[in-house]
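*Asks:* predicted model, plus sequence, below.
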Amino acid sequence: MNGLQRAITLFHRNYSERLVRNSQLAESLRLSPGQLPEIYRMLPPICETFGIPEPELYLTMGPVNAFTIGTTRTSITLFSELLEHMSMDEIETVLAHECGHILCQHMLYHSMAQVLQLAVDVGGVARIPFASAILQVVAGPLQIALETWSRKSELSADRAAAAYMGSPDAITRVMFRFAGIRHDSKLTHSVEAFAAQALEYEALRESRWDRFLQWQVGQASTHPLLAVRVREIHNWSATPAFARLVETAAEIRTAFRCGRCGHRAQPHWHHCQNCGNSLSVPAVRPDTAAARAVEMEPHGHV
C-alpha cells in the first residue's frame, strides 16, 4: 500500500494535478478578494477553523456539484449551477464540506480509487487478452474497499460542515438541493419526511434480496444516499461530540473579518492587512458557528 501511495503521489505531483491546474487557469474563474469576493471570503474562516492551508478556489460551468482535488496542490471547484440552486449559507456549507475532506486527508485515498478504476478501464480498452479480467482480480478487492471508504468519507465531511455551521440545518438543505429542490422553491418540504425515507430504506434490509439490490444501488453511487445522509447528520448532531465541536468555535465565530477577503481584522485597523481593503466600515462578524472538525469515528453502512 505504501508503494502505491508513493507512486500515486508522484503521478499527481508531476502530471494530473499540473494538468488540472493548467485547465483551471485556462477555462475557470479563480476566486479571490477581487473575483467573486462574496463567495471567496467564506473560505479563509473555514480554513482557519480547520487548521488547513487555503486551497485555490475555482468556479466552472456545470451541474449542482463541487469537488476537491490534489494531494500536493489542493483546489476546490464549484460548478455554476450550484450558485443558482443554493443560498449563500448553503454554498458556505458546501465549501466547509470540501474543506472537511482536506482536513481529514481524504484526497490521497480518493485518488487511489480513481487510479485503480482508470487502470481497469484502460485494460479493457487496450484489448490486451485477459488484461481487464486480471486487473479486476488483482485490484478488485482493494478498489471495492476504497470505494466503500470513499462513500463513508462523505459522512465525515458532512459532519465537519455541520460542526462549522453550528447545526445540521444547512447541510440538510444542501441534500434537498441535490434531490432537486431549489433554495427559492415555494414548495412545502419536510426534513422529517426525508429522514423517514432512510428508515424505510433500512427496514428493507430484512430481505436478503433487497440487501442485494441496495448493494447494487450503492455501488452505482460515489456518495452515500441522500436520505441516509440526512438521517445520519441529524442523529450525530444530537451527540455530545457535536456540541463540543461547536463550543470550541467561540473565538473564531466572534472574530472580526475583512468583508472583502474574509481574513481576520482588528477593530483599530484602517485597512485589511491581507487584501488592503478599507475598513472604514466596520469589519464583518461571521454569523455562522464554527468548530474544529476532526476525522470522525467509523460509520455504519451507507
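*Replies:* Sure thing, it's come through. Numbering: from 1, shown residues only.
*Asks:* what about the helices in this structure?
*Replies:* 2-11, 17-27, 37-40, 43-50, 80-85, 88-103, 107-125, 131-165, 169-179, 191-203, 208-219, 226-236, 240-247, 250-253 (DSSP state H).
*Asks:* other SSEs contacting the fifth one?
*Replies:* Counting by 3 or more CB pairs under 8 Å, 6 or more residues apart in numbering; DSSP states H and E, the packing neighbours recorded for helix 80-85 are strand 56-60, helix 88-103. For the C-beta atoms, the positions are set from N, CA and C on the backbone; glycine is no exception.
*Asks:* would you mind writing the CA trace of the last one as CSV?
*Replies:* Extracted in CSV, the C-alpha atoms of helix 88-103 (Å, rounded to 0.1, in the frame of the first residue of the first chain):
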residue,chain,number,x,y,z
MET,A,88,-25.3,31.8,0.3
ASP,A,89,-25.1,29.8,3.6
GLU,A,90,-25.6,26.6,1.7
ILE,A,91,-22.7,27.5,-0.6
GLU,A,92,-20.7,28.1,2.5
THR,A,93,-21.7,24.7,3.8
VAL,A,94,-20.5,23.1,0.6
LEU,A,95,-17.2,24.8,1.0
ALA,A,96,-17.0,23.6,4.6
HIS,A,97,-17.8,20.0,3.4
GLU,A,98,-15.0,20.2,0.8
CYS,A,99,-12.5,21.6,3.3
GLY,A,100,-13.6,18.7,5.6
HIS,A,101,-12.2,16.3,3.0
ILE,A,102,-8.9,18.3,3.1
LEU,A,103,-8.8,18.3,6.9
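*Asks:* let's check: the centremost residue of this structure is which one?
*Replies:* In the chain, the residue lying closest to the centroid (CA atoms, centre = their mean) is residue 98, at 2.8 Å.
*Asks:* just checking, that residue touches residue 74?
*Replies:* No: counting by CB atoms under 8 Å, residue 98 stays clear of residue 74, with 9.5 Å between them.
*Asks:* many thanks, we can stop here.
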